[in-house]
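A.B. asks: Test case, fold it:
(one chain, ligands or ions: 1)
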Amino acid sequence: MGIRTGQQYLNELDGAARDLWIDGEKVEGKITEHPAFRNIAQSVAHLYDMQHDPHLQPDMTYRSPSTGNLVGLSFMQPHTKEDLARRRTMMQHWARYAHGMMGRAPDYLNSELMAIAAAAPFFSTENSRYSDNVRKYYEYVRENDLCLTHTLILPQANRGVSAAQQADPYLAARVVEKTSEGVIIRGARMLATLPLADEILVFPSTVIRNTEEDRPYAFAFALPLSTPGLRLICRETFDYGKSHFDHPLGSRFEEMDAVVVFHDVLVPWERIFVLEDGDRCNKLYAETDATPHMTHQVIAKNVAKAEFILGVTSLIVDTIGIEQFQHVQEKVAEVVIALETMKAFLVASEANAKLNQWGIMTPDWTPLNVARNTFPKVYPRLVEIVQQLAAGGLMAIPSERDFNNPELRPDIDRFYQAKNTSAVDRTRLFRLAWDAAISTFGNRQVLYERFFFGDPVRMAGALYHSYNKEPAKQLIRDLLNETPDPLLGREG
Ligand SMILES: Cc1cc2nc3c(=O)[nH]c(=O)nc-3n(C[C@H](O)[C@H](O)[C@H](O)COP(=O)(O)OP(=O)(O)OC[C@H]3O[C@@H](n4cnc5c(N)ncnc54)[C@H](O)[C@@H]3O)c2cc1C
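C.D. replies: Numbering: from 1, shown residues only. Sure thing, here's the model as predicted:
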């Protein structure tokens, strides 16, 4: 089949009813028409349509090595640095469409799947066909151009103990039984963004103790989101059903997050990649190099997000005439620094890329690791800068209905104009700034950037432990050794 159109994605979504709950109600009928989901469904559909745009298609697709069909370029296994640059170009097209506001654009998890499929031998055990499962699943997703989400984290009940030690042993998703058809899973995982994906990867995250009691919690598998017994419990929507004028980001890119509950879900054997193997779970990301490829996509997205903030802040500066103030220049410069830093991390990761043990050109992990530790701190600051520069103007944002009211309109046109823009243009810009910096949608973006890649505290710990500090320590030892020992009068 190869690349899908947006309409194909929408049709398949409506055809794959899922046990999806929001605000106390089960979603019945067409998901693509539900007020909480119709807009994000259209945005995902737009991503798929971009692959068919004749101007973008050469950047966004390649020929499938198995069928010759055009398939999405984020599935391409890179063997050269040029391949990596092509992957980045493709990712930037999707990232720029959503201005970095869609965390589950399909290229994020396509990148993971691409990397784990190349590392398929890692999944083989003495008597299983898990490596074949990984390879075949990658090809299935690539050839059908599916959209994936993933769920990694156990419910946030008691973080002081492991999954097995929770008061309820069936709180965290675990193996209950193995049958001739597959594995039965019961319990929950805490979050999956974009419950409108086609399929879900249920993968390990934090370190799993490799003990007998933890084995039932140690697995990796994939399922359609329409699988019987799989329930998605959404938070309330941050798309309030307003127009693009009123809610420019939330009415387009509200991806939704859901808790995933497994009510004795059957996972067929061919969808199992790791089973009851804590050691393999703990090594999965490092040994397959999935994380550098996922982070490569994430930083491409973050460049788009920083560009977005630079555009918004720079236009605010022009619109209300605050350019001459030095602290304003300093704040916009801070945005520029964030943007250029992210770009530099991307370039560095590609420049120092190397072939890994599976023959895949892998971006250098150190700049990407530093980037993923930087952005969770930088993005909240960028949003703060929007607030600091737009100030009270963020509260002077009439709605579309205000503009449409003939009695109000003259006042709005007069009192909401700005230095060199009309009231309507100023409002359009300030509503965009509000949606990035004040609205629930904007605040969820901040929380997302703080946490979606994991707990920043533990990510910093991982950077501390993985970074080779020895050369720097040696430089200092050499310097110290040049200083004579005061007692002995000789160099130490
Ligand atoms: C908007 C959003 C979207 C998300 N989307 C997804 C998704 O699609 N798929 C998915 O799998 N996950 C998703 N996540 C979850 C994300 O991976 C987690 O939020 C992240 O890993 C942190 O885990 P937690 O939220 O359970 O926090 P917790 O681990 O419960 O941490 C809570 C607090 O306790 C501290 N803490 C807890 N344990 C330790 C420890 N061992 N050492 C030190 N400090 C500790 C943390 O530092 C933090 O301050 C999403 C999260 C958000 C906010």
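
A.B. asks: which residues does the closest residue in space to Arg414 that isn't next to it in sequence contact?
C.D. replies: Spatial nearest neighbour of Arg414, excluding adjacent residues (C-beta to C-beta, 6 or more residues apart in numbering): Ala423 at 7.5 Å. (Each C-beta comes from the backbone N, C-alpha and C, glycine too.) Neighbouring residues of Ala423 by C-beta atoms under 8 Å, 6 or more residues apart in numbering: Pro398, Ile412, Asp413, Arg414, Phe415, Tyr416, Gln417.

A.B. asks: And Ala423, how far from Ser439?
C.D. replies: 20 Å (C-beta to C-beta, to the nearest Å).

A.B. asks: Residues of this structure that sit close to the ligand?
C.D. replies: Neighbours of the ligand within the chain, by C-beta under 6 Å from any ligand atom: 149-153, 156, 159, 190-193, 257, 444, 447-448, 451-452, 454-455, 457-458.

A.B. asks: From the residues you listed, which land in strands?
C.D. replies: The members of the residues of the chain next to the ligand that map onto strands under DSSP state E are Thr149, His150, Thr151, Met190, Leu191, Ala192, Thr193, Asp257.

A.B. asks: Adding distance to His465 and pLDDT, write those out as JSON lines.
C.D. replies: Shown next, in JSON lines, are those (distance: C-beta to C-beta, whole Å; pLDDT from 0 to 100):
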{"residue": "Thr149", "distance to His465": "29", "pLDDT": "98"}
{"residue": "His150", "distance to His465": "24", "pLDDT": "98"}
{"residue": "Thr151", "distance to His465": "26", "pLDDT": "98"}
{"residue": "Met190", "distance to His465": "25", "pLDDT": "96"}
{"residue": "Leu191", "distance to His465": "26", "pLDDT": "96"}
{"residue": "Ala192", "distance to His465": "29", "pLDDT": "98"}
{"residue": "Thr193", "distance to His465": "28", "pLDDT": "98"}
{"residue": "Asp257", "distance to His465": "30", "pLDDT": "98"}
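
A.B. asks: what sits against the residue in the stretch 1-150 of the chain positioned nearest to the ligand?
C.D. replies: For the stretch 1-150 of the chain and the ligand, the shortest gap (C-beta to the nearest ligand atom) falls at His150, measuring 5.3 Å. Contacts for His150 (C-beta under 8 Å, 6+ apart) come out as Leu109, Glu112, Ala192, Ile200, Leu201, Val202, Phe203.

A.B. asks: wait, doesn't the second one sit right on Leu201?
C.D. replies: Think Glu112. Yes - with contact defined as C-beta atoms under 8 Å, Glu112 reaches Leu201; the gap is 7.3 Å.

A.B. asks: Low-confidence stretches in the protein?
C.D. replies: 127-128, 489-492 (pLDDT under 70).

A.B. asks: With adjacent residues omitted, what lies nearest to the residue of the stretch 1-150 of the chain closest to the ligand?
C.D. replies: Nearest non-adjacent residue to His150 (C-beta to C-beta, 6+ apart): Leu201, at 4.0 Å.

A.B. asks: who's in contact with that neighbour?
C.D. replies: So Leu201 contacts Leu109, Glu112, Leu113, Leu148, Thr149, His150, Thr151, Ala220, Phe221, Ala222 (C-beta under 8 Å, 6+ apart).

A.B. asks: at 7 Å instead, please
C.D. replies: Contact analysis of Leu201 by C-beta atoms under 7 Å, 6 or more residues apart in numbering lists Leu109, Leu148, His150, Ala222.

A.B. asks: Among those, which one has the most neighbours?
C.D. replies: Each of those was scored for neighbours by other C-beta atoms under 10 Å, and Leu109 scores highest at 27 neighbours.

A.B. asks: Show me what counts as buried in the longest helix that the chain contains.
C.D. replies: Criterion DSSP state H: the longest helix present in the chain is helix 290-320. Using 16 or more other C-beta atoms under 10 Å as the test for burial, helix 290-320 gives 290-310, 312-313, 315-317, 319-320.

A.B. asks: elements contacting it?
C.D. replies: helix 81-97, helix 107-118, helix 326-351, helix 365-390, helix 423-437 (3 or more C-beta pairs under 7 Å, 6 or more residues apart in numbering; DSSP states H and E).

A.B. asks: and those helices, which is most packed in?
C.D. replies: Scoring the helices and strands packed on helix 290-320 by mean neighbour count under mean count of other C-beta atoms under 10 Å gives helix 107-118 as the most buried, with a mean of 25.

A.B. asks: and the next element down the chain from it?
C.D. replies: The helix or strand immediately downstream of helix 107-118 is helix 130-144, counting by DSSP states H and E.

A.B. asks: So for Asn144, what's the nearest residue that isn't a sequence neighbour?
C.D. replies: Distances taken as C-beta to C-beta, 6+ apart place Met1 nearest to Asn144, at 5.7 Å, with adjacent residues excluded.

A.B. asks: is it true that that neighbour touches Leu146?
C.D. replies: No - counting by C-beta atoms under 7 Å, Met1 stays clear of Leu146, with 10.3 Å between them.
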